[in-house]
Every structure is written in C-alpha cells, then in structure tokens.
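Chemist: Got a predicted model here, sequence first, then my questions.
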Amino acid sequence: MTKLTCFATIWTLGILLLLSCNQQPTGKSTAEANSEVATLLDRHPALRNGVEWDKVQNAYGTARAAVQQNPDDAKSWLLLAEVFMQEARVTGEHPYYYPAALKAVEKVLEKPFSEGNPKDQDLKFQALSLKAGVEMSLHQFDKAFQTAQEAVAINPHNAAIYGVLTDACVELGHYDEAVDFADKMVGIRPDLRSYSRVSYLREIFGDLPGAIEAMKLAVSAGYPGSEQAAWAKLNLGHLYEKTGDFDKARETFESILNERPDYPFAIAALGNLALQQNDYQTAEKLLNRAIEIAPEVGFYENLARLYKQTGRMEEFDKTFETIIAMMNEDAEAGHVMDLEMAKVYLELKEDPKLALQYARKEYELRPQNKDVNAVMAQIFQKAGQPEEAAKYAAAAVVSNRSKG
C-alpha cells in the first residue's frame, strides 16, 4: 500500500457513529443479510493492542446484528465498511477486507436517495466518501477521484473528502490540484490527516525539512498509541531516513514500539535500517518478526533484497514467488498492482522486459505521475536505451516541480 492510499483510509474510523438513516424496506431476509456480511478475521495476538481489539469486535458484532435484524440499516452497513477498512490497514489482509468494505458500501448506494431530504443526502455523502477511500486503497485512482467529486458536490465543507481528492490528484500526477485540495482540507480542519497530506506534498516538491515539520505536527495531533498516530510517526521516521539521519529514524521507530508494541511496520522499518547498514542477522530477525505478525508484501520485498544481497538465491527465489503470489491475489481482489509488479521485476529479478509490460499498463492510466515516469526511466536505462530513459526521467522531474 502506498503512503497516500494509507492516508486515504485514516479518516474513516468513527465518522459514521452519529449517522441516522431512513431506509425503505427491500424485502430481503435476515438469512440473506447474514450471508452478505463478511466474517471478521481474528487478529494476530500481537495486533490486538489491549482493549482495541475488543472494541473492534464489539463494533462489528453490533453492526452485524443490526443488519441481520434489518438488512436495510444503512448506518450499520457503513460501520461494517469502516471496520473492514481499518482491519485491512492493521492486519495487512487487503485482498479480503477491501472487497468486503466495497460490498458493504454498495449495499447503501444501491438504494435511491431523496434530493430534498438532508438526512438522505448526508447518508449518500458518507457512503460515497467511504467508497472513494476504498477505491484509493485499491489503487483505482481515477474512480476514486470521480467518486470523491460526487461526494464533495453534496457537502463541500467536509475536510476528509478533500483528503481523498488530494490523494487521488497526487497519484494521477495532478500536483497543482493536489496542493489546492490540501489547502482546503487544512483550512477546514488542521489535524493529523491534513498535516500528513501537507507533509507528503512538501516531500514531493523536494522540501524535506518542511515535510518533517508538517509530519511532526501530524504526530502531535494524534493520540499516542493509536494506529493512526503510529502511521504518522512511521512516516516521520522514513523522512529522517531519507535525509540520512539513521539515528533519528531509529529513535522514531523505536518510540512507536514503546507506544504500540509489536507494530509490524515499525519492526520492519528497523529491519530495513539494519539491512541498509549490512547488519543482515538483525535485519532478517526483524523482518521475519514483522511477517509473522502481518502479511505485508513490502516486508517480503525487503527480505528478498536481503537474500539477494547475501547470495542466498534459493531462499530469494522462494520469497520472490511468495511476493508475486501475494500481488496476484491483490490484483484478483480488484487492486491495481501494475506499478508494484514492474518495480519488483525490475529491481529484484532484473528483468526490464517483463517490468516494462507492467509499467506500460500503469503509464496508460496515469502518464503524469512522477513515480510512474521514474520507473519507466529506470526500465529503459536498465535495458540500455538511455535516450528513451531520459524522456521519462525529464517527465518525472517536470511533474515533481509542476508547482512552487
């Protein structure tokens, strides 16, 4: 999952608790509703985080019981979607939870909405907002942008929906528009979500000190120990890492674990730091610990890098097969994985020909995105076509500096 698609899901938890709904019956039975609700997967013990898991199970159980009793309970369908989105973030079970979240949202959007009913329109706004967040997480960026535009037409005063528009514009390579939407978001509600977007935009435009400053604000705005605050602090650590300050990065990652023990992304981040410093024994131990807790494909990618760097090619091949299988599973669940496929085939397998097949698909979808152009440039450089590589490299730089 990319940084911004993770940001797109941060805002969902808890926003629907005060929703009311006036649904018309459709005649569906309790048994039909029961079969349509995805099961809540058990969390790994390291991910339960005290009473947090109890609260999630209670929220899920309450909402599930509500739709069993009344299959037209829109508020409960949307709460289920929120739970599934949050669990995808926490557990890494993306191919299971994202389709489940989308299905729950569609249960609400399949009904007609009264244009003159404020409560009906608020319900539609919440459903569209959640749908846009799911589409961002599935890397369906153009769809997410269109869905978010539908939502903002209903309520132009909600900060969170501008966050989705910011994220979608960044991924589509519309950086000027992303800045405008982020400005609107901060103007409405300066909080962890908006500061995180500001930080990433500053990073895109090459302002790492400014990005660090904004991410510090995001961290300070979060509740210590929460998943959202841990994610913000994780990105702060990565910013320190990009500046070459490994000591501050390590200190930041370790501080996450003091507040949220066994947070797998922080464990993996420490493993990656060890890998960069050629401390292979520590890196392998930490990466395997992260993988044990959550099946995040990025953890496997770093482990594959370790095996490749240390010449353990049998283990590398096995791990690479796991990476491709995981990405294919994501793709089957509707997750657009072409850029990620291109990256692993280029870097890990050093196969520019196959990498190009995937990268071209992504380029057709978002030719202005700087990361897509950068990967295209790397592929052609690896393939011994420096002139072609230069064209894409130039496009990546232009996109990166399109504003400011």
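Modeler: Ah, there it is. Numbering: from 1, shown residues only.

Chemist: Just give the number of residues close to the nearest residue to His157 once chain neighbours are set aside.
Modeler: Excluding the flanking residues, the one nearest His157 by Cβ to Cβ, 6 or more residues apart in numbering is Ile188, at 6.6 Å. (Each C-beta comes from the backbone N, C-alpha and C, glycine too.) Look at Ile188: counted by other Cβ atoms under 10 Å, it has 16 neighbours.

Chemist: pLDDT score for Ile188?
Modeler: With respect to pLDDT, Ile188 scores 97.

Chemist: can you check His335 too?
Modeler: Value for His335, per-residue pLDDT: 97.

Chemist: That one and Glu135 touch, don't they?
Modeler: No: counting by Cβ atoms under 8 Å, His335 does not reach Glu135; the two are 10.5 Å apart.

Chemist: Compare the two and say which is more crowded by neighbours.
Modeler: Glu135 (27 against 21).

Chemist: I'd assumed Ala151 was in contact with that one.
Modeler: No: using Cβ under 8 Å as the test, Glu135 is too far from Ala151 to be in contact (11.5 Å).

Chemist: Can you show me the helices along the stretch 101-250 of the chain?
Modeler: Ranges of helices in the stretch 101-250 of the chain, per DSSP state H, counting those that start in this stretch, are 118-137, 141-154, 159-172, 175-188, 192-204, 208-221, 227-242, 246-259.

Chemist: which strands and helices sit next to the shortest one?
Modeler: Packing contacts for helix 192-204, counted by 3 or more Cβ pairs under 8 Å, 6 or more residues apart in numbering; DSSP states H and E, involve helix 3-10, helix 159-172, helix 175-188, helix 208-221, helix 227-242.

Chemist: List the buried residues for the fourth one?
Modeler: In other words, helix 208-221. Along helix 208-221, these residues count as buried under the neighbour rule (16 or more other Cβ atoms under 10 Å): Ala211, Ile212, Ala214, Met215, Lys216, Leu217, Ala218, Val219, Ala221.

Chemist: Pick out whichever of those residues sits closest to Glu171.
Modeler: Nearest to Glu171 among the buried residues of helix 208-221: Ala211, at 17.7 Å, using Cβ to Cβ.

Chemist: From Tyr200, how far out is the closest one?
Modeler: 7 Å (Cβ to Cβ, to the nearest Å).

Chemist: ok so, going back, need the helices of the stretch 101-250 of the chain in JSON lines (columns: distance to Gln309).
Modeler: As requested, the helices of the stretch 101-250 of the chain are exported to JSON lines (distance: least, Cβ to Cβ, whole Å):
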{"stretch": "helix 118-137", "distance to Gln309": "31"}
{"stretch": "helix 141-154", "distance to Gln309": "33"}
{"stretch": "helix 159-172", "distance to Gln309": "31"}
{"stretch": "helix 175-188", "distance to Gln309": "34"}
{"stretch": "helix 192-204", "distance to Gln309": "27"}
{"stretch": "helix 208-221", "distance to Gln309": "27"}
{"stretch": "helix 227-242", "distance to Gln309": "18"}
{"stretch": "helix 246-259", "distance to Gln309": "18"}
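
Chemist: Quick check: which of those is buried the most?
Modeler: Comparing those by mean neighbour count (mean count of other Cβ atoms under 10 Å), helix 159-172 ranks first with a mean of 26.

Chemist: helices or strands next to it in the packing?
Modeler: helix 3-10, helix 118-137, helix 141-154, helix 175-188, helix 192-204.
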